[in-house]
Each structure stands twice: as C-alpha cells, then as structure tokens.
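**Q** got a sequence here, can you build the structure:
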Amino acid sequence: MIIGSTRNGRFGPTVGHWLARQADKQFEVDLIDLATANLPATLLDTDDETPAEVAVLAPRLATADAFAVVTPEYNCSFPAPLKTALDWYYEVWHAKPVAIVSYGRETGGLYATAQLRQVFTELNAVTIRNTVALPCYWEQFTADGGWPRPAAGYEAQAKLMLDQLVWWSQALLDARTQRPYQQ
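**A** Predicted structure coming up:
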C-alpha cells in the first residue's frame, strides 16, 4: 500500500491506515509512506548508480502481488512525488493489479484516479475497476474525531474493491507463474 501525499498536514496517513485495517483482513500489508521513503525528486540517467533510497524500496515493491494507492487530488491530478515514485521503478508494476483510493473536494479525487489509470496502463499494470473516492472527506469525522463516520459507507466500498484486488492478484500471480510477463 502506497500513501502518495507528502505534504505537511496531509490526510493521506489517515486514509492509508484506515485502508490498511480493511486490507489486513485479506492481505499481508506493507505500508509505504512516500513522505518517509525519501525518494529523490530527480530521476537519473539510466547509466547512473541507483540511489540508496530507491534501492531500499525496490525489493518491497517487487515482492508485492498487488498494490493499493492512496492519493489526494491536487489541481485535478495526483501529487508529483507519487508520479516520481512510479517513474523510479518500471518492472515492479508489470502484470500486477492496482486499487486506487482517492480523496479531495467534491469529486473525491476522481480526476487523480483517471490520470493514475493512464499511468499504470503505461506501466503494464491492471487497475481495479472499483475504487474508493472520498469527496469532502473532512465532513466524515465522528464527534470524537474518528474517521470515517460509519454511515459514510466507505467500508462497503473498500471491501468490494479489495475483493476484486484479491481476485486479480491471484489471477495475475497464476499467469505470471505459468508464463513470465514480457512486454
């Protein structure tokens, strides 16, 4: 699971930890927070030595059978650090499913989701049809500060998305095992 926001005061960890609790029922979750991954913002030439931070994260991504990405929507797109993180790696995404949880204002991050689908297609990954979009997420806190309100219905959306992620994860793992993915 990847938390794609690195801003101060971000909401991503709240959503990421909530989703991890949902996913923990079906997956072994490795939570990657890009704010603490310290990936370099500038990509290097292919002949340059791989930065240590990139090398440390590579095996965690490579061993994953599926991904869930939590992203905010900023200016009708997803954050630049998330794009940079996707670009640092290439083959780790091949023939693996990706679920997307987005949050934002009235659209709930659906513009960011649409753009991520395009990027993941180029990376030869399969995005899950069902997503979880969190419009005006700040309105979903309970009186005691918990998130989300039970009546928000996000748990049911997450379960459906994660059930699909489980199915695609197994189907693509079987396919990669029987015949390694070639681009």
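**Q** in the chain, which residue is most central in space?
**A** residue 69 (0.9 Å; CA atoms, centre = their mean).
**Q** using the three-state scheme, assign it.
**A** Here residue 69 is recorded as strand under DSSP: H, G, I helix; E, B strand; the rest coil.
**Q** now do the contacts for it.
**A** 1, 2, 4, 82, 98, 99, 100, 101, 116 (CB atoms under 8 Å, 6 or more residues apart in numbering). Bear in mind the C-beta positions are built from the backbone N, C-alpha and C, glycine included.
**Q** which of those residues lies closest to residue 178?
**A** The closest of those to residue 178 turns out to be residue 98 (CB to CB; 21.1 Å).
**Q** would you map the helices across the protein?
**A** 12-23, 34-37, 52-62, 80-88, 110-122, 154-178 (DSSP state H).
**Q** can you list the low-confidence ranges for this structure?
**A** 183 (pLDDT under 70).
**Q** longest strand of it?
**A** Looking across the chain with DSSP state E, the single longest strand is strand 97-104.
**Q** who does that one pair up with?
**A** Paired neighbours of strand 97-104 in the sheet (DSSP bridges): strand 67-72 (parallel), strand 126-127 (parallel), strand 132-135 (parallel).
**Q** any idea how far the longest one is from the chain center?
**A** Spelled out, it's strand 67-72. 2 Å (CA atoms, centre = their mean, to the nearest Å).
**Q** give me the angle between that strand and helix 110-122.
**A** Per axes from the mean of the first three to the mean of the last three CA atoms, to 10 degrees, the angle that strand 67-72 makes with helix 110-122 is 150 degrees.
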